[in-house]
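**Q** Next input, structure requested:
(one chain, ligands or ions: 1)
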Amino acid sequence: MIKIKNLTKTFGTQNSLDNISLELNKEDRVIIMGQNGAGKTTLIRSILGQYIPTSGDIEVSGFNPFKNRVDTISKIGFVPQLPPPIKLTVEELINFAVKSSNIDKDEIVELCSKMDLDIKSHFRKIFFKLSGGMKQKLLIAIAIAKRPEIFIFDEPTANLDPKGRESFYEIIKEYSKNRLTIFISHRIEEVSNMVNRKIELDLGKVVLDEKI
Ligand SMILES: Nc1ncnc2c1ncn2[C@@H]1O[C@H](COP(=O)(O)OP(=O)(O)OP(=O)(O)O)[C@@H](O)[C@H]1O
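**A** Numbering: from 1, shown residues only. Okay, here's the model as predicted:
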């Protein structure tokens with residue numbers, strides 16, 4: 001699924017990722033941990049093809065993410081830590097996702113409602129005017145409805161209330177079967193019963209990689 005070999009990413013003189021090798025497979029539910037600045041976001045951005053490696057290789061579902069960005073993204077359902085400031089209305093955003101990723105619109109609405117969000121009543125609102133939690137719920141619903149090979153959730157529950165968190169993990173339990181699922185999270189206790197592998201980064205290196 002994801003093969004990373006001797007990956008180094010340098011900004012200026014600093015190695016944000018320092019010779020990382022990892023293989024992540026479809027049965028893996030992984031938490032990637034590490035202190036602020038450990039390199040988690042740099043790793044995810046490299047997987048998404050947003051950064052060109054300084055050295056080393058990455059392969060995502062057979063694609064080189066930097067060279068085949070569109071193909072790579074098509075395999076991944078990604079929910080960022082900070083929702084982007086999208087200026088489309090909610091319905092325009094959903095329609096765009098439906099068209100570009102062949103998603104079922106009703107499924108997005110249904111997934112939102114499972115997280116107690118009546119998204120239809122917000123269709124005309126500009127996406128960035130939704131509350132933080134609403135944005136996160138909608139992006140989660142879109143990522144899940146895409147039914148990708150790989151899920152990447154970067155602090156997905158940061159803006160969710162306790163009930164929203166509970167429904168998120170209920171939904172993920174169902175949809176993460178046979179899909180590589182990666183959580184970047186500082187809330188280890190929250191995801192501990194969702195994951196079967198723990199990876200810890202420190203100063204750009206993998207300092208822990210264990211199955212649990
Ligand atoms: N675009 C960039 N330009 C320069 N330095 C960067 C860039 N992106 C990341 N870095 C540096 O790389 C290091 C790792 O940052 P990264 O954002 O990957 O950490 P992180 O583990 O995601 O941290 P956090 O938990 O705070 O989100 C930091 O020292 C950061 O300053």
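**Q** Count the neighbours of the residue nearest to I103 when sequence neighbours are not counted for me.
**A** Of all residues beyond its chain neighbours, the one nearest I103 is A145 (4.6 Å), with distances taken as CB to CB, 6 or more residues apart in numbering. In short, each C-beta sits where N, CA and C put it, glycine included. Residues lying near A145 (other CB atoms under 10 Å) number 25.
**Q** Double-check A145 against L111; I have them as touching.
**A** Yes - between A145 and L111 there is a contact under CB atoms under 8 Å: 6.0 Å.
**Q** If you count contacts, what does the lowest-mean-pLDDT helix or strand in the chain end up packed against?
**A** Every helix and strand in the chain was compared by mean pLDDT, DSSP states H and E; the lowest is helix 188-191, with a mean of 86. Applying 3 or more CB pairs under 8 Å, 6 or more residues apart in numbering; DSSP states H and E, one finds that helix 188-191 contacts strand 29-33, helix 162-175.
**Q** run the last query once more with 10 Å
**A** strand 29-33, helix 162-175, strand 180-184, strand 197-202 (3 or more CB pairs under 10 Å, 6 or more residues apart in numbering; DSSP states H and E).
**Q** where among those is the average confidence lowest?
**A** For these, mean pLDDT drops lowest on helix 162-175, to a mean of 92.
**Q** That one: which residues count as buried?
**A** For helix 162-175, the buried set under the neighbour-count rule, 16 or more other CB atoms under 10 Å, comprises G164, R165, S167, F168, Y169, I171, I172, Y175.
**Q** And for stretch 45-58?
**A** Neighbour counts over stretch 45-58 (16+ other CB under 10 Å) mark S46, I47, L48, G49, Y51, P53, G56, I58 as buried.
**Q** swap in stretch 137-147?
**A** K137, L138, L139, I140, A141, I142, A143, I144, A145, K146.
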